[in-house]
Every structure is written in structure tokens, then in C-alpha cells.
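Peer 1: Let's see this in three dimensions:
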Amino acid sequence: GDEEKAGIFLSYWQQTSNTTYARMFRTAMEDLYDLRDWSVDGIMQANDKVKQATHDPDWYHKVMVERSGIDLAFTLIQTTELDYDRFRPIMFMDSTFKLRSLQDLHDVEKNAGINAHDLRQYLEAVDALLHRYVQEGMVATKLGHAYWRTLASSKPTMFEAEQVFNRLRASSLAQSLSQEETQPLQDYLIHFIIQRSIAYGLPIQIHTGHHETSVSGNGNLISNSNVEGLIPLLLEYSEAKFVLLHCGYPYAMSYLSIAKNFPNVYADFTWMYIISPTAAKQIMHQMIEMVPQNKIQGFGGDYNYIEGTYAHQKLARNLVAEVLTEKMEEGAMGEKQAMAFADRIFRNNLIDLYKLGDMKA
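Peer 2: Now for the predicted structure:
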């Protein structure tokens with residue numbers, strides 16, 4: 001029963017409570033559910049409060065808006081059908097280019113409502129999806145392919161991509177092609193998605209760096225997500241707006257250099273503070289020294305539950321305040337400049353980049 005689960009939880013908690021992930025859980029539970037007693041009894045009581053909150057239709061508003069001071073949040077939940085006016089959708093496009101079987105093709109056709117018998121028709125299907133998502137309020141496209149392949153893309157010809165497409169089209173449902181065999185088609189489609197995102201005026205978010213183990217079915221090949229693999233795409237699409245997520249950590253040094261030198265690259269601290277506050281602070285110091293402030297996005301909760309976002313934003317605000325205080329103390333910034341910087345990275349830059357309307361601080 002629940003008591004047994006609480007006991008199991010505590011045995012793991014004792015081993016992991018030093019980590020920032022655990023610290024965020026503690027912050028959320030203490031601040032939002034008043035959990036003080038980390039025993040089986042205490043956890044059982046908190047469990048009742050969590051169940052109660054789950055049935056409170058205003059809970060999201062209370063935690064996200066009142067307690068966290070967040071006006072709008074981006075969602076990555078594979079749908080644009082959001083029943084909350086403070087959400088804006090970002091859609092993963094991976095399913096349109098992670099094509100290894102006929103079934104993968106059928107899924108995209110079904111979603112787009114278009115039967116694609118050749119590559120040109122397939123491109124129309126992908127474009128139709130993008131167009132529909134834009135109509136339904138999508139504010140950016142997302143490429144999460146570092147989780148299942150390398151970020152490095154070649155520049156295949158349409159003919160090379162077509163050969164793979166035709167092999168897939170002619171295969172039986174039981175067959176699947178390897179990553180190596182399908183890579184030319186994938187790379188071609190990545191180029192296409194970037195080109196169409198530019199046409200729709202959409203920023204392109206790309207996962208770089210550290211993998212979340214619950215989604216990395218590739219056995220955590222961290223080298224797949226090295227930001228340096230993106231350089232050929234960054235060079236080619238100077239008119240695109242690439243948002244490279246998670247500071248590229250642990251490839252943060254290369255990331256800083258790239259964010260400084262490429263006008264089409266925007267830095268993003270989503271997830272970074274809870275991976276390592278020490279690293280995040282160090283990177284923020286270097287970011288201020290290297291990257292124009294209009295290109296820095298300072299926070300993203302990256303949690304599946306609102307309580308985590310609450311704890312994360314609390315940490316992020318404190319860490320950024322520490323960094324700005326240190327920058328002021330060393331004479332690199334004045335107080336006014338520091339306040340304006342905070343407004344930019346937590347709010348105004350996102351309003352500008354994602355065209356969120358008249359909400360500036």
C-alpha cells in the first residue's frame with residue numbers, strides 16, 4: 001500500500017537527497033504542501049494534500065501565476081489543443097523525419113491527411129502539418145533528435161533522399177531500415193523543416209547537451225548531442241533563429257563560443273540550473289561577458305509538473321541575482337543595467353523572439 005511505497009521512497013531519498021533534483025523536490029513539497037517531517041507519516045500526510053490539490057481546478061493558476069510569477073508557459077506535449085490560456089504550444093517535429101519503417105510514414109500521412117507516394121508529396125505533408133500547427137498557435141518548432149541520433153547533418157541531394165523514401169514506401173509493414181540507411185532522408189528533411197520554419201517566421205528550438213534518462217532510449221550517447229555538430233546548419237541558415245537549449249552542457253564552452261559568434265543563435269538556460277547550479281552560475285557569468293543580452297533566454301522549467309517549475313524558478317531567480325550582484329561588485333555592470341538584463345532574459349527577449357504580443361516589462 002501507500003505506506004510501503006513511502007518507505008521505498010525514503011530509502012531512495014536518503015541516497016539521492018544531496019542532488020539539486022532532490023533539493024527542488026524538497027523546496028516544492030515544503031513551500032507548497034508544508035511538508036516538514038520527512039518520515040513515512042509525514043509523507044503520507046503530504047500525499048493526501050497532493051491528491052487534494054490535484055482536484056483543485058485553480059491549482060495551476062495558484063502555483064504558476066501567483067506563487068511563481070509566470071504569465072505564459074510553453075508546452076511540449078505533442079498537441080496544440082491546450083485548454084489553458086496561459087499555455088503556448090511548441091511541437092516536436094522528430095516524428096516527421098525519424099522515418100525507419102512504412103508505419104512511421106503512415107503515421108505522418110494520417111496526421112497530415114495527405115497520402116504521399118513520392119518524396120515531393122511527403123514534403124507537402126510535412127509542410128501541411130507545420131502550417132496547421134502555426135494556425136493552431138504553435139510559437140516554435142522543436143528538434144529533439146540528439147536523443148536518438150547525432151546532431152551533425154550532411155547535405156544530401158533530393159535524389160539521395162528519394163532513394164531512401166522509395167525503399168521505405170516499397171517495404172512491408174514488418175520491415176524497418178537502420179539509422180545508417182535512413183540518415184540521408186532524415187538529413188534532407190531536417191534541412192526542409194528548417195527552411196519551412198524560416199518561411200513561417202518560427203524559431204527552431206534544438207536540444208543540445210545533457211540527456212534526460214527517462215527519454216534517452218539511445219543509451220545516453222552524450223556525444224550525439226555535442227553542439228559543434230550543428231555548425232554546418234548554423235552557417236547555412238543565417239536567416240534562421242536557432243534556439244539551442246540547455247546551454248549545450250557539458251559542451252558549454254563550445255556553446256558559448258557559438259552563441260557569441262553566430263547572429264542566428266539564441267542561448268537558452270532551460271533545465272540548466274537544476275542540472276548543476278554551480279555550472280549554471282559559471283555559464284551565466286561567461287554568457288554576460290560574451291553574448292549580446294538580446295540573445296539570452298534565462299529560464300525554462302522543463303518539468304512535467306507545475307510544482308517542479310515553481311521550485312526551479314525560485315532557484316533560477318536567486319542564482320541570477322547572485323551573478324548580477326557579483327558583476328556589479330566587480331564594476332562590470334551598474335544596478336540599472338543589471339535590472340534591465342534580468343527583465344530581458346526572463347521576459348522581454350522571449351516576447352520579442354516568439355512574437356508573444358504586448359507583454360513587456
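Peer 1: where does the stretch 101-250 of the chain have low pLDDT?
Peer 2: For the stretch 101-250 of the chain, applying pLDDT under 70 flags the ranges 216-219.
Peer 1: Distance check, the nearest residue to His117 once chain neighbours are set aside against Ile90.
Peer 2: Nearest residue to His117 in three dimensions, chain neighbours excluded: Arg169, at 6.9 Å (C-beta to C-beta, 6 or more residues apart in numbering). Where C-beta positions appear, they are placed from N, C-alpha and C, glycine not excepted. For Arg169, the distance to Ile90 (C-beta to C-beta, to the nearest Å) stands at 30 Å.
Peer 1: how about the strands in the stretch 201-350 of the chain?
Peer 2: Listed in chain order, the strands of the stretch 201-350 of the chain (DSSP state E, counting those that start in this stretch) span 204-207, 242-245, 265-268, 296-297.
Peer 1: what is the mean pLDDT for the last one?
Peer 2: Averaged over strand 296-297, pLDDT sits at 98.
Peer 1: so how far is that strand from its chain's centroid?
Peer 2: How far strand 296-297 lies from its chain's middle: 13 Å, per C-alpha atoms, centre = their mean, to the nearest Å.
Peer 1: and if you look at the first one?
Peer 2: Centroid displacement of strand 204-207 relative to its chain, using C-alpha atoms, centre = their mean, is 7 Å.
Peer 1: and that strand, which residues are buried?
Peer 2: For strand 204-207, a neighbour-count test (16 or more other C-beta atoms under 10 Å) marks Ile204, Gln205, Ile206, His207 as buried.
Peer 1: Val40: which of these is nearest?
Peer 2: His207 (38.1 Å; C-beta to C-beta).
Peer 1: That closest one reaches Leu143, doesn't it?
Peer 2: Yes - between His207 and Leu143 there is a contact under C-beta atoms under 8 Å: 7.1 Å.
Peer 1: coming back round to it: for Arg169 and Ile90, indicate the residue with more neighbours.
Peer 2: Set Arg169 next to Ile90 and count neighbours by other C-beta atoms under 10 Å: Ile90 wins out with 21 against 15.
Peer 1: is it fair to say that one lies in a strand?
Peer 2: Yes - in this structure, Ile90 lies within a strand as judged by DSSP: H, G, I helix; E, B strand; the rest coil.
Peer 1: Quick check: beta-bridge partners of Thr75?
Peer 2: Going by DSSP bridges, Thr75 is paired in beta bridges with Pro89.
Peer 1: quick one: contacts for it?
Peer 2: Thr75 makes contact with Leu82, Phe87, Arg88, Pro89, Ile90 under the criterion C-beta atoms under 8 Å, 6 or more residues apart in numbering.
Peer 1: just the helices in the stretch 101-250 of the chain please.
Peer 2: With helices called from DSSP state H, counting those that start in this stretch, the stretch 101-250 of the chain shows them at 102-112, 119-135, 158-169, 179-199, 231-236.
Peer 1: Which among those is found nearest to Glu66?
Peer 2: For Glu66, the closest of the helices of the stretch 101-250 of the chain is helix 119-135, at 30.5 Å, according to C-beta to C-beta.
Peer 1: Show me what the closest one is packed against.
Peer 2: Under the contact definition 3 or more C-beta pairs under 8 Å, 6 or more residues apart in numbering; DSSP states H and E, helix 119-135 sits against helix 102-112, helix 158-169, helix 179-199.
Peer 1: In a markdown table: the ones you listed, plus distance to Asp268.
Peer 2: Conversion of those to a markdown table gives the following (distance: least, C-beta to C-beta, whole Å):
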| stretch | distance to Asp268 |
| --- | --- |
| helix 102-112 | 27 |
| helix 158-169 | 30 |
| helix 179-199 | 16 |
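Peer 1: out of these, deepest packed?
Peer 2: For the helices and strands packed on helix 119-135, the largest average neighbour count (mean count of other C-beta atoms under 10 Å) is found in helix 179-199, namely a mean of 20.
Peer 1: quick one: contacts of that one?
Peer 2: Outside helix 179-199, the residues within contact range by C-beta under 8 Å, 6+ apart are 93, 96-100, 123, 126-127, 130, 141, 143, 145, 148-149, 153-156, 158, 160-161, 163-165, 167-168, 203-204, 233, 237, 239-240.
Peer 1: Please convert the buried members of these into PyMOL selection syntax.
Peer 2: Those of these that count as buried under 16+ other C-beta under 10 Å are selected in PyMOL with:
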select buried, resi 93+96+97+98+99+100+123+126+127+130+141+143+145+149+153+156+160+161+164+165+168+203+204+233+237+240
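Peer 1: so which of the buried residues of strand 204-207 comes closest to Gln175?
Peer 2: His207 (28.8 Å).
Peer 1: Across the sheet, point out what pairs with that closest one.
Peer 2: Leu245.
Peer 1: mind listing what it touches?
Peer 2: Going by C-beta under 8 Å, 6+ apart, His207 touches Lys142, Leu143, Gly144, His145, Ala146, Tyr147, Ser225, Leu245, His246.
Peer 1: isn't the fifth one right up against Ser223?
Peer 2: Read it as Ala146. No - using C-beta under 8 Å, Ala146 makes no contact with Ser223, being 9.8 Å away.
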